[in-house]
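**Student:** sequence unknown, structure follows:
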């Protein structure tokens, strides 16, 4: 078959699939996706979403092919040092899910997450947003629970409800009890000179609770010797603790588990310093 | 059998059970439970935890019997208008789980949740804490997920992962994205005159997102026509919206769903005004 005929048949096949994939299953139409962001295809350098994701501007079969891959491959809207995006990156890495990385800069241009196109996908104007299985997903813990239900290996929650609830308690303590309090939205409400002390105090207080919990549950990891969603929450929170100069020597169990987790390949791959939107001076 | 022999045999039987129930399964020993709080046994008026829960001070078989009931029956440490305790109260009511209500006053005496005895159970010094099945549980969403797994009727999550994730997204948007930001800990960091505007703005911004989500998912309730954990989060958040004078006319879907939920018996029973620690002027 001549090459152009092959590309043509791919194009025709995709055209027939696209309405099904993008509309019935609930993903926004391509024209509603944000464009103009820099896209780092993990391992393939940056390109523009306007070319990667907008079918209506594609002019060659090669671009059709790239679009197909973007439609089939999960897409993660992320910011390199967002705790919530980071949790999901670890889950994706642990489960071996390949994905396209689209940076959303939370500060530049007044915050790219506030653009109307992006808010159509993520009405809270936050990262992460994950496009997967024809769904547009937000909220890190909900996403991780979904990934765990649909891709059970390796599991991120124990199977016994009495264990599962303890893991979820640790995760929720961080995800609802610590991280939102030291997040940008709250910090901006405080006088600038009060922010470091407030961030430090929120994490310090919260980590006293997490240390108490982990001292009863941790072995190699936060809950026994298997990785769980609690570990996915712990690592980004320790990073924030260090940013806010929390004295981590007060939290020996957290520190020990963190150091153990940091050795794992999936955790290394998900680290902010490894993301395409990480500034050079933080790599 | 003479009455005293009956009580004696109950006492002996309980003494043999107690170490198993309270230690191996992870509940704190009675001596580590907070005492001196007023206890409202739902439907039976107030009494003292020092008498209801402290086995070592019990002097009569009647008290042994009360202690048994407290050990077997779930115990909820709650504050009448805490959103998180309220979510769990709705879940308990929907699932028909009878429980003992122990008020923890979040303001009086500098906050009873900060007492060391209480923090042994709940290291974040928050409500709710639920003693059930020999476990000491904290964190409202983790608790509700546990209740749903162990008492599946009526279900509070859909069975299909693609539906389940959408419900969890709504719940997490409220539980991590809105409620923690307008909670007491954050408000106390702000100058007093700034607090009402901040609370209003957090909920208003968050509700714009929730309204957008519900406009796609709600029918009679937040997600279709079955009750879900999203509804359990929604109702207390609307109560807070009203406290902070949020203009609810901007959120017609939230308002409609809220009004529908407010008609249900379980939601009426869980309302702050129906709790034993609700001040008379708020009943």
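**Tutor:** Sure, I can see it. Not measured: the values here are computed from a predicted model.

**Student:** can we go C-alpha only for contacts and neighbour counts from here?
**Tutor:** Will do.

**Student:** Check which residues of the helix or strand harbouring residue A:208 are buried.
**Tutor:** Element membership for residue A:208 (DSSP states H and E) is helix A:195-217. Of the residues in helix A:195-217, A:195, A:198-204, A:206-215, A:217 count as buried by neighbour count, 16 or more other CA atoms under 10 Å in any protein chain shown.

**Student:** With stretch A:214-232 instead?
**Tutor:** A:214-215, A:217-218, A:220-223, A:226-232.

**Student:** what about it, start to end distance?
**Tutor:** End-to-end distance of stretch A:214-232: 14 Å, with CA to CA, to the nearest Å as the criterion.

**Student:** Also stretch A:77-86?
**Tutor:** From its first residue to its last, stretch A:77-86 covers 11 Å (CA to CA).

**Student:** and the gap between the closest residue to residue A:89 other than its chain neighbours and residue A:182?
**Tutor:** Nearest residue to residue A:89, sequence neighbours excluded (CA to CA, 6 or more residues apart in numbering or on different chains): residue A:270, at 5.3 Å. As judged by CA to CA, residue A:270 and residue A:182 stand 21 Å apart.

**Student:** Chain B contacts on chain A?
**Tutor:** A:123-124, A:135, A:137-139, A:141-143, A:145-146, A:149-150, A:161-162, A:164-166, A:168-169, A:172-173, A:175-177, A:180-181, A:186, A:189-190, A:205-206, A:208-210, A:212-213 (CA under 8 Å from any CA of the partner chain).

**Student:** change it to 6 Å
**Tutor:** Within chain A, the positions near chain B by CA under 6 Å from any CA of the partner chain are A:123, A:124, A:139, A:142, A:146, A:165, A:168, A:169, A:176, A:209.

**Student:** Need the nearest residue in space to residue A:214, chain neighbours excluded.
**Tutor:** Sequence neighbours aside, residue A:222 is the residue nearest to residue A:214 in space, at 5.9 Å (criterion: CA to CA, 6+ apart).

**Student:** any idea how far residue A:151 is from residue A:179?
**Tutor:** Going from residue A:179 to residue A:151 by CA to CA gives 27 Å.

**Student:** Need the residues that contact stretch A:75-88.
**Tutor:** A:99-104, A:127-131, A:140, A:232-233, A:236, A:272, A:275, A:277-278 (CA atoms under 6 Å, 6 or more residues apart in numbering or on different chains).

**Student:** Any buried residues in that stretch, and which?
**Tutor:** A:75-88.

**Student:** swap in stretch A:259-278?
**Tutor:** Buried, per 16+ other CA under 10 Å, within stretch A:259-278: A:261, A:266, A:267, A:270, A:271, A:272, A:273, A:275, A:276, A:277, A:278.

**Student:** tell me the centre residue of chain A?
**Tutor:** By CA atoms, centre = their mean, chain A has its centre lying nearest to residue A:85, at 2.5 Å.

**Student:** Find the residue closest to that residue in space, skipping its chain neighbours.
**Tutor:** Take residue A:85 and drop its neighbours on the chain: the residue closest to it by CA to CA, 6+ apart is residue A:128, 4.6 Å away.

**Student:** Okay, now the unreliable bits of chain A?
**Tutor:** A:1-71 (pLDDT under 70).

**Student:** just to revisit the earlier point, what sits against the residue nearest to residue A:85?
**Tutor:** A:77, A:78, A:85.

**Student:** Could you single out the nearest of those to chain B?
**Tutor:** Closest approach between the contacts of residue A:128 and chain B, by CA to the nearest CA: residue A:85, at 14.4 Å.

**Student:** quick one: the closest one is in a strand?
**Tutor:** No: Residue A:85 is assigned helix when assessed by DSSP: H, G, I helix; E, B strand; the rest coil, not a strand.

**Student:** Can you mark which positions in the helix or strand following the helix holding residue A:208 are buried?
**Tutor:** Per DSSP H and E, helix A:195-217 leads on to helix A:229-243 as the next helix or strand towards the C-terminus. Within helix A:229-243, the residues scored as buried using 16+ other CA under 10 Å are A:229-241.

**Student:** and what of stretch A:154-165?
**Tutor:** For stretch A:154-165, by 16+ other CA under 10 Å, it's A:155, A:156, A:157, A:158, A:161, A:162, A:163, A:164, A:165.

**Student:** from those residues, which two are the most distant?
**Tutor:** A:155 and A:162 (15.8 Å; CA to CA).

**Student:** Domain map for chain A?
**Tutor:** Under the assignment automatic domain parsing, the domains of chain A span A:3-150, A:161-282.

**Student:** how far away is residue A:155 from residue A:145?
**Tutor:** Residue A:155 is 10 Å from residue A:145, by CA to CA.

**Student:** repeat for residue A:239
**Tutor:** 23 Å.

**Student:** follow-up on the earlier one: list just the nearest of the buried residues of stretch A:75-88 to chain B.
**Tutor:** Using CA to the nearest CA, these come closest to chain B at residue A:84, 11.0 Å.

**Student:** Apart from its neighbours in sequence, what residue is nearest residue A:213?
**Tutor:** Closest residue to residue A:213 apart from its sequence neighbours, by CA to CA, 6+ apart: residue A:170 at 7.2 Å.

**Student:** The one you found falls within a helix, correct?
**Tutor:** Yes: using three-state DSSP, the secondary structure at residue A:170 is a helix.

**Student:** what number of residues lie near it?
**Tutor:** Residue A:170: 27 surrounding residues under other CA atoms under 10 Å in any protein chain shown.

**Student:** And it, how far from residue B:142?
**Tutor:** 9 Å.

**Student:** ok, and the closest non-adjacent residue to residue A:172?
**Tutor:** In this structure, residue A:172 finds its nearest non-sequential neighbour in residue B:139, 6.5 Å apart by CA to CA, 6+ apart.

**Student:** ok, how many other residues are close to the one you found?
**Tutor:** 27.

**Student:** what does residue A:92 give?
**Tutor:** There are 21 residues near residue A:92, going by other CA under 10 Å.

**Student:** helix or strand for it, which one?
**Tutor:** Counting by DSSP H and E, the element that carries residue A:92 is helix A:83-94.

**Student:** now that helix, how far from the centre of its chain.
**Tutor:** 5 Å (CA atoms, centre = their mean, to the nearest Å).

**Student:** just the angle between that helix and helix A:229-243, please?
**Tutor:** Put simply, helix A:83-94 runs at 130 degrees to helix A:229-243, going by axes from the mean of the first three to the mean of the last three CA atoms, to 10 degrees.

**Student:** Give the next helix or strand downstream of helix A:83-94.
**Tutor:** strand A:100-103.

**Student:** So which elements touch that next one?
**Tutor:** Contact partners of strand A:100-103 among helices and strands, from 3 or more CA pairs under 6 Å, 6 or more residues apart in numbering or on different chains; DSSP states H and E: strand A:38-41, strand A:75-78.

**Student:** Partner strands of the last one and their direction?
**Tutor:** Okay, so that is strand A:75-78. The partner list of strand A:75-78 in its sheet, established with DSSP bridges, is strand A:100-103 (parallel), strand A:129-132 (antiparallel).
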